[in-house]
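1. when you get a sec, could you give me coordinates for this:
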Amino acid sequence: MKPVVTRVAGERSQEPAPIVVIGYGNTFRRDDGAGVALAEKLVAHWIAQGRAVRLLTSTQLLPEMAADISHDAIDAVVFVDAAANDLQSGIQIAKVEAGPTSPSSGHNLDATTLLVYANLLYGHCPRAWLVTVPGTDFVHGQGFSPRVTQWLTNDHDIAAIASQLFAEIEIKESSQCTNLELPNA
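-> Below you'll find the model as predicted:
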């Protein structure tokens, strides 16, 4: 399954945007689609501010996304997903460091492994963050649980998350993607 590019902003000709946001999750499994919805809102916020950003959405992370995040002009990638976490924790932002990982493909691919693939296959590994929306309702259907709906419709909270992420992205530090190897399978 190829990722869907839903919105590209700030790009001139074929130049990639310096920030790639990957929203993933199954939009037909209620709260599981919250990652896609939040990613779209973050990108819309940054576009309204005139920032160059590219959005990819998919039901899951895919090995071929390594090519999408490996261009030298890409400064950062933001992964946005939902997880069955404690609702009291709220939406979480965590830095993702590429490190030792197991070979993976398809359903079990995580952000760390995707960064390693980008580095090993294409020679570039951008800095990365994972934004996690806690959810409780992952049954078949559309729409979100009441708490997830509240988070995704609160423009003030969305703006705060977007601002926090952008401030962290603006801090130019080197990537941790050096001397990475995949273990023997």
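2. helices and strands of the chain: which one bottoms out on pLDDT?
-> One helix or strand of the chain scores below all others by mean pLDDT, DSSP states H and E: strand 4-9, with a mean of 45.
3. for the next helix or strand after it, the distance to its chain's centre please.
-> Using DSSP states H and E, the helix or strand that follows strand 4-9 in sequence is strand 19-24. Remark: strand 19-24 is offset 4 Å from the chain centroid, using CA atoms, centre = their mean, to the nearest Å.
4. residues contacting strand 19-24, please?
-> Residues from elsewhere that reach strand 19-24, judged by CB atoms under 8 Å, 6 or more residues apart in numbering: 3, 35-40, 42-43, 46, 51-61, 65, 68-69, 74-81, 126, 169. To be clear about C-beta, it is placed using only N, CA and C from the backbone, and glycine gets the same treatment.
5. check the secondary structure at Val77 for me.
-> Under DSSP: H, G, I helix; E, B strand; the rest coil, Val77 falls in the strand class.
6. count of residues packed around it?
-> Neighbours of Val77 under the rule other CB atoms under 10 Å: 27.
7. now do it, the pLDDT please.
-> If you check Val77, the pLDDT there is 96.
8. likewise the one 10 residues further on?
-> At Leu87, the pLDDT value in this model is 71.
9. re the thing from before, and the contacts of strand 19-24, which are buried?
-> Among the contacts of strand 19-24, those classed as buried by 16 or more other CB atoms under 10 Å are 3, 35-40, 42-43, 46, 51-59, 61, 65, 68-69, 74-81, 126, 169.
10. picking up where we left off before, among the contacts of strand 19-24, which lie within helices?
-> Within the contacts of strand 19-24, residues falling in helices by DSSP state H are Gly35, Val36, Ala37, Leu38, Ala39, Glu40, Leu42, Val43, Trp46, Met65, Asp68, Ile169.
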